[in-house]
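Peer 1: Return atomic coordinates for the entry below.
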Amino acid sequence: MSYILQSLGAGETIIARAKFHWLYTGAAWAALLLPGAALLYFLGWCARRPEPFAMGDPVSWYAALAGFFFLWGIVTFLKSMITVWTTEIGVTSHRFVEKHGLFSTHSSEIALPNIEGVKVNQNILGRIFGFGTVKIEGTGVDAVTTPTIADPVGFVRAIQTAKEHPSGKV
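Peer 2: Numbering: from 1, shown residues only. Take a look at the predicted model:
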């Protein structure tokens, strides 16, 4: 069960949930699959040679380099996907909630009446493909910046709607 569902209070409803953009997971898969394909290619090339994996053979060095990048790709893939699998971002009828963490849970919550400002940050690719970060500033020193999410403008719209209609009904 999700953290947001577990933490709902009496009469509280979920207005919106943020999702990671498909480019985020696509980049994770590319970091894994592209070096993996290169490694398989060079290993196959080495296996067809009369003296596979000879020390001075440049193809053997290419295979070793592809192996290094494949290991790097595994780490990058796991880091990115664990973030996707363990992060929840949402707006309820009473608050903004962000939770992340695999072995331990770290959550940030800001009550809707305490939200003073909401900022969207998108670079040129974010504008074209529809992703960006959202910074929610609360009263005092509270500020939460989301990871890169899909449709940040729509998420900000959901926050504003929740603030204007505390019951969650539009």
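Peer 1: residues contacting Thr76?
Peer 2: Counting by Cβ atoms under 8 Å, 6 or more residues apart in numbering, Thr76 makes contact with 28, 31-32. Using the backbone N, CA and C atoms, a C-beta is placed for each residue, glycine as well.
Peer 1: how much space between it and Leu65?
Peer 2: As for Thr76, its distance to Leu65 is 16 Å (criterion: Cβ to Cβ, to the nearest Å).
Peer 1: and what of Thr161?
Peer 2: 51 Å.
Peer 1: Flag every buried residue along the helix or strand bottoming out on mean pLDDT in the chain.
Peer 2: Using mean pLDDT, DSSP states H and E, the weakest-scoring helix or strand in the chain turns out to be helix 3-6, at a mean of 87. Using 16 or more other Cβ atoms under 10 Å as the test for burial, helix 3-6 gives 3-4.
Peer 1: same check, this time on stretch 71-88
Peer 2: 73, 76-77, 80-81, 83, 87-88.
Peer 1: likewise stretch 103-117?
Peer 2: Counting neighbours by 16+ other Cβ under 10 Å, the buried set in stretch 103-117 is 108-110, 112, 115.
Peer 1: can I get the buried residues of stretch 71-88 in a markdown table with distance to Gln122?
Peer 2: Compiled in a markdown table, the buried residues of stretch 71-88 are given as follows (distance: Cβ to Cβ, whole Å):
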| residue | distance to Gln122 |
| --- | --- |
| Gly73 | 27 |
| Thr76 | 23 |
| Phe77 | 25 |
| Ser80 | 20 |
| Met81 | 23 |
| Thr83 | 19 |
| Thr87 | 19 |
| Glu88 | 22 |
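Peer 1: In strands, which of the residues you listed appear?
Peer 2: When these are checked against strands (DSSP state E), the matches are Glu88.
Peer 1: Among the buried residues of stretch 71-88, name the ones in helices.
Peer 2: The helices in this structure, assigned by DSSP state H, contain 73, 76-77, 80-81, 83 from the buried residues of stretch 71-88.
Peer 1: Nearest to Gly101 among the buried residues of stretch 71-88?
Peer 2: Thr87 (8.5 Å; Cβ to Cβ).
Peer 1: For the closest one, report the pLDDT, please.
Peer 2: Turning to Thr87, the model gives it a pLDDT of 94.
Peer 1: quick one: it and Val97 touch, right?
Peer 2: No: Thr87 is beyond contact range of Val97, at 11.1 Å (criterion: Cβ atoms under 8 Å).
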